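Colleague: Sequence and computational prediction follow.
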Amino acid sequence: MLSRLERARKWLTHQPVQQLRINPHAQERYNHLCTIHGSSPTSDDVVSIKRTIGTVSTGSKTINRFEPALLFFLRRPAVHFEAGALLIGWTRIPDGSRMQVWFRVAKEGTLYPLPSGPPDSRYYPGEVTCDEWHPVIADIIDPEKCIYRLLQYAYLHSCIKLLEAMVPSTFDREPRTRPRRRHHSVYKRHSHDRPDRF
């Protein structure tokens, strides 16, 4: 005779699995992240993410390409988040040194060289947002293919909402299997030798 636990396991085994519908524009990136993390979000995870980030209020082209399931792979311990600002990468300045680029949600602007920089220190990007991206942020945005700045900002804005919410059950939990070891080198623009790219 089956125990209660065995009956419960048998019942769960026979339940239909709800398949996620991933935006075709983000399918390749989603598959890549599932592979390197060894885990994938459930439909409940994505519903929780959508509830947390709210409506993505941008242009129609951005909405059509935005995929909230990618945000499942944002891990707070792996990013720099302080004073309501997220370190997204670095840019080269005329003297040859690197300047940090922080994204924050503010009326005065979005990009700053310091997480709590004053409005007059706002950073105005040129053709690209960053010359070098933080590897975790780059994994989600895929800046070489995501060339729409509004779409990049939509993801960054959503990242901040998730980080502020701090929902450990969904966003900070350990992957179900140990992820493959890889080098977290800085994601450089025009780099063609990134080890974890397909």
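Modeller: Perfect, thanks for sending it. Numbers count the residues shown, from 1 in each chain.

Colleague: What is the least confident helix or strand in this protein?
Modeller: Here the helix or strand of the chain ranked lowest by mean pLDDT, DSSP states H and E is helix 168-171, holding a mean of 44.

Colleague: okay, and for the protein, where does confidence drop off?
Modeller: For the chain, the stretches flagged by pLDDT under 70 are 1-18, 57-61, 108, 166-198.

Colleague: Please identify which helix or strand holds the residue most central in space within the chain.
Modeller: Compute the mean C-alpha point of the chain, and by CA atoms, centre = their mean the closest residue is Ile140, 3.9 Å away. Element membership of Ile140, judged by DSSP states H and E, is helix 135-141.

Colleague: Tell me which helix or strand comes right after that helix.
Modeller: helix 149-165.

Colleague: And that next one, what does it pack against?
Modeller: helix 43-53, helix 60-65, strand 85-92, strand 98-106, helix 135-141 (3 or more CB pairs under 8 Å, 6 or more residues apart in numbering; DSSP states H and E). For the C-beta atoms, the positions are set from N, CA and C on the backbone; glycine is no exception.

Colleague: just these: most buried one?
Modeller: Mean neighbour counts were compared across the helices and strands packed on helix 149-165 using mean count of other CB atoms under 10 Å; the top stretch is helix 135-141, at a mean of 22.

Colleague: what's the offset of that one from the middle of its chain?
Modeller: What separates the centre of helix 135-141 from the centre of its chain is 6 Å, taken as CA atoms, centre = their mean, to the nearest Å.

Colleague: List of residues touching that helix?
Modeller: Helix 135-141 has contacts (CB atoms under 8 Å, 6 or more residues apart in numbering) with 29, 32-33, 36, 70-71, 73-75, 78-79, 86, 88-89, 133, 152, 155-156, 159, 184-187.

Colleague: what does stretch 22-31 give?
Modeller: Asn64, Arg65, Phe66, Glu67, Ala69, Leu70, Ile140, Asp142, Lys145, Phe198.

Colleague: let's see it at 6 Å
Modeller: Stretch 22-31 is contacted from outside by Arg65, Glu67, Ala69, Leu70, Asp142, using CB atoms under 6 Å, 6 or more residues apart in numbering.

Colleague: With distance to Ser97 added, can I get those in a markdown table?
Modeller: Below are the contacts of stretch 22-31 laid out as a markdown table (distance: CB to CB, whole Å):
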| residue | distance to Ser97 |
| --- | --- |
| Arg65 | 34 |
| Glu67 | 35 |
| Ala69 | 37 |
| Leu70 | 32 |
| Asp142 | 27 |
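
Colleague: Considering those, which possesses the most neighbours?
Modeller: Within the contacts of stretch 22-31, neighbour counts (other CB atoms under 10 Å) peak at Leu70, which reaches 25 neighbours.

Colleague: quick one: it from Glu132, how far?
Modeller: 20 Å (CB to CB, to the nearest Å).

Colleague: Repeat that for His32.
Modeller: Counting by CB to CB - His32 and Glu132 are separated by 20 Å.

Colleague: Thanks a lot, see you next time.
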